[in-house]
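**Q** fold the following for me, if possible:
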Amino acid sequence: MITDTLDRLGAYYCLGGSLGRALEFLASRPLDALPEGRTDIDGDDAFLLVQSRETRPSSEEPFETHRKYADIHITLEGEEWMGYAPEADLEPLSGYSSEKDCRTYSGDGVFFRGGPDRFFLFFPWDGHKGCISMGAGGRVRKIVVKAALEGR
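**A** Okay, the predicted model is just below:
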């Protein structure tokens with residue numbers, strides 16, 4: 001997992017491939033102007049989803065991992081917390097779904113407050129969960145980028 005401020009996206013272009021292209025795309029435009037739904041960056045190798053969702057208590061949301069894609073999460077509006085735990089520290093709840101590129105888990109992790117100036121990069125082996133509330137729930141508008149990692 002990597003978390004940093006949006007003004008430092010350029011420091012991570014060196015990750016290369018679809019992930020580097022996705023980071024460059026994010027740094028090159030006003031993020032709050034992106035439309036709801038899917039925007040292609042590099043076809044199925046890198047795309048983003050702008051979505052609005054209600055936050056939920058951590059106990060109501062499982063951790064997840066992926067095999068094909070790394071995720072970049074950016075909160076545009078509202079307050080959400082992001083959960084993280086190493087995959088090895090989590091207990092599987094489901095088998096891997098290749099259709100959804102997802103496996104779900106239960107367990108404990110650490111939580112970080114999201115915001116419009118910050119991003120979270122989760123690699124396929126990082127257990128993570130978003131749209132978490134630490135108190136009263138609310139609506140968030142956010143970006144989730146999916147960037148395929150070569151060799152995975």
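
**Q** quick one, what contacts D4?
**A** By C-beta atoms under 8 Å, 6 or more residues apart in numbering, the contact list for D4 reads 11-12, 118-119. For the C-beta atoms, the positions are set from N, CA and C on the backbone; glycine is no exception.

**Q** actually G109, not the one I wrote
**A** The neighbourhood of G109, defined by C-beta under 8 Å, 6+ apart, consists of 63, 83-85, 89-90, 127, 129.

**Q** buried sites along stretch 28-36?
**A** 31, 34 (16 or more other C-beta atoms under 10 Å).

**Q** off-centre distance for that stretch?
**A** Here stretch 28-36 is found 16 Å from its chain centre; the criterion is C-alpha atoms, centre = their mean, to the nearest Å.

**Q** contacts for that stretch, please.
**A** Residues outside stretch 28-36 that contact it (C-beta under 8 Å, 6+ apart) are 6, 48, 50-52, 74, 76-77, 116, 143.

**Q** hmm, 7 Å instead?
**A** Stretch 28-36 is contacted by residues 50, 74, 76, 143 when judged by C-beta atoms under 7 Å, 6 or more residues apart in numbering.

**Q** and these as CSV, adding secondary structure?
**A** CSV is the format used below for the contacts of stretch 28-36 (DSSP: H, G, I helix; E, B strand; the rest coil):
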residue, secondary structure
V50, strand
I74, strand
L76, strand
I143, strand
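
**Q** got a pLDDT number for the residue lying farthest from the centre of the chain?
**A** Most distant residue from the mean C-alpha position of the chain: A136, 21.9 Å away (C-alpha atoms, centre = their mean). pLDDT recorded at A136 is 88.

**Q** also G151?
**A** Confidence score, pLDDT, at G151: 57.

**Q** partner strands of the strand or helix carrying M82 and their direction?
**A** Using DSSP states H and E, M82 maps to strand 81-86. Sheet partners assigned to strand 81-86 using DSSP bridges are listed as strand 110-113 (antiparallel), strand 126-133 (antiparallel).

**Q** picking that back up, please indicate which of the contacts of G109 are buried?
**A** Buried subset of these (neighbour count, 16+ other C-beta under 10 Å): 63, 83-85, 90, 127, 129.

**Q** just the residues you listed now: which is nearest D108?
**A** A85 (6.7 Å; C-beta to C-beta).
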